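S.K.: This is the structure alone, sequence omitted:
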């Protein structure tokens, strides 16, 4: 197989312009950290309209709506999804409530964007995607990293075969958290894996395909959640990913995708806007794409643009992050949790009193 030589410059991203997609009317389920940053990102960078918010109490919904200039505030998830002015629901509740919120939304005929992880496990992700398919509505996990311009550059490098035969992915994600942050609370499905580990396993399964074997080790915190995990995944053709997540320490949070012809490096933090560096296998040449977007959560709007683009095209899922990809990632994490003895409290059935709140935790 002929391997293309490194170009003088890496390709530019092909992400849609905010003005090129339909302006959807968004309802936000949840009033926590990630919900506020998502709304602020849409308001600052898109023509998307955030028209309603739902929370477990009227007071919480009213305060969130007032702080962000949202017209309508609902005291329950059921009231939000019943709002006739809402086209798409963004589920921004804690992890263990994603299933309930997503099923309420699709049951009401709303398109849905569910904060990562799509569910606590692959079975929940399957249930959500199946329900959306039956209802004929769009559904996507909000894995915003894969929808950034930075990652469209990576996508094109991989598609062009510039790395040769990709054999290795290395990635870590480490941040330090103190109690009472919700990531340390087992009642809220806390721990390093669903918040931080999902980024590294998503990268690995995106670049190398499903895991065929998983080996994991780790440690628990005093509060009863996974503190850190080291994971080695084998993929098709014995390609390997070496991954790490921790909520105990701040780590470089960088990533590498390495092939026989070249190595692609994502300086940390790899999951947000940032540069892409490709270096030939012999180290003699290197080419860099420099991201014009500032590092930070202001880029959350890219996932909303993908939703709007797909809805405008009549698609029920994103070709860039389909439901099967989210399930593949969660299947790998399911095996990690099994090996580490990590369990999550059962997901409650959909009720009108859907709790809200996401902490920072790399979302």
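M.R.: Perfect, I can see it now. Only a predicted model underlies this, so the values are computations on that prediction, with no experimental measurement involved. Numbering: from 1, shown residues only.
S.K.: Mind jotting down where the helices sit in the stretch 101-250 of the chain?
M.R.: All helices of the stretch 101-250 of the chain, identified by DSSP state H, counting those that start in this stretch, fall at 122-135, 149-159, 192, 198-208.
S.K.: Could you check the angle the last one makes with helix 149-159?
M.R.: Just to be clear, that refers to helix 198-208. Interaxial angle of helix 198-208 relative to helix 149-159 (axes from the mean of the first three to the mean of the last three Cα atoms, to 10 degrees): 30 degrees.
S.K.: Other residues contacting helix 198-208?
M.R.: Helix 198-208 has contacts (Cβ atoms under 8 Å, 6 or more residues apart in numbering) with 116-117, 143, 145-146, 158, 166, 169, 171-173, 211, 231, 233, 235-236, 239, 241, 243-245, 255, 257, 270-271, 325, 328-329, 332-333, 336, 362. In this view, the C-beta of every residue, glycine as well, is placed from N, C-alpha and C.
S.K.: swap in the shortest one?
M.R.: Judged by Cβ under 8 Å, 6+ apart, the contacts made with helix 192 from elsewhere in the structure are 183, 218, 225, 226, 227, 228, 229, 245, 246, 247.
S.K.: Quick check: the gap between the fourth one and residue 340.
M.R.: Spelled out, it's residue 226. Distance, residue 226 to residue 340, using Cβ to Cβ, to the nearest Å: 6 Å.
S.K.: Find residues that contact each of the two.
M.R.: Taking Cβ under 8 Å, 6+ apart as the contact criterion, the residues that touch both residue 226 and residue 340 are residue 218.
S.K.: who has more neighbours, these two?
M.R.: Higher neighbour count among residue 226 and residue 340: residue 226, with 27 against 18, using other Cβ atoms under 10 Å.
S.K.: Return the distance of the more buried one relative to residue 14.
M.R.: Shown here: residue 226 relative to residue 14, a distance of 37 Å by Cβ to Cβ.
S.K.: Residue 133 now?
M.R.: From residue 133 to residue 14 the distance is 27 Å (Cβ to Cβ).
S.K.: and those two? which has more neighbours close in?
M.R.: Using other Cβ under 10 Å as the criterion, residue 133 and residue 14 rank with residue 133 on top: 14 against 10.
S.K.: confidence score at that one?
M.R.: Note for residue 133: predicted pLDDT of 98.
S.K.: Verify the contact between it and residue 315 for me.
M.R.: No: the criterion here is Cβ atoms under 8 Å, and residue 133 misses it with residue 315 at 11.8 Å.
S.K.: Now do the strands in the protein.
M.R.: In the chain, the strands defined using DSSP state E lie at 25-29, 49-54, 72-74, 88-91, 111-115, 139-142, 166-174, 213-220, 226-234, 240-246, 255-259, 262-266, 276-280, 286-289.
S.K.: Show me what the second one is packed up against.
M.R.: Using 3 or more Cβ pairs under 8 Å, 6 or more residues apart in numbering; DSSP states H and E, the elements in contact with strand 49-54 are strand 25-29, helix 33-45, helix 58-68, strand 72-74, helix 77-81.
S.K.: ok, the spatially most central residue of the chain - contacts?
M.R.: Closest to where the C-alpha atoms of the chain average out (Cα atoms, centre = their mean) is residue 143, at 2.0 Å. Neighbouring residues of residue 143 by Cβ under 8 Å, 6+ apart: 116, 198, 202, 303, 321, 326.
S.K.: So for stretch 108-117, mean pLDDT?
M.R.: On average, stretch 108-117 scores 98.
S.K.: Pull out the buried members of the contacts of helix 198-208.
M.R.: 116-117, 143, 145-146, 158, 166, 169, 171-173, 211, 231, 233, 235, 239, 241, 243-245, 255, 257, 270-271, 325, 328-329, 332-333, 336, 362 (16 or more other Cβ atoms under 10 Å).
S.K.: still on that earlier bit, let's have the contacts of helix 192 in JSON lines, adding pLDDT and distance to residue 292.
M.R.: Converted to JSON lines, these look like this (pLDDT from 0 to 100; distance: Cβ to Cβ, whole Å):
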{"residue": "183", "pLDDT": "97", "distance to residue 292": "31"}
{"residue": "218", "pLDDT": "98", "distance to residue 292": "37"}
{"residue": "225", "pLDDT": "97", "distance to residue 292": "37"}
{"residue": "226", "pLDDT": "98", "distance to residue 292": "36"}
{"residue": "227", "pLDDT": "98", "distance to residue 292": "36"}
{"residue": "228", "pLDDT": "98", "distance to residue 292": "34"}
{"residue": "229", "pLDDT": "98", "distance to residue 292": "34"}
{"residue": "245", "pLDDT": "98", "distance to residue 292": "29"}
{"residue": "246", "pLDDT": "98", "distance to residue 292": "31"}
{"residue": "247", "pLDDT": "98", "distance to residue 292": "31"}
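S.K.: Spatially, which two of these are the most separated?
M.R.: Spatial extent of these (Cβ to Cβ) is set by the pair 183 and 218 at 14.8 Å.
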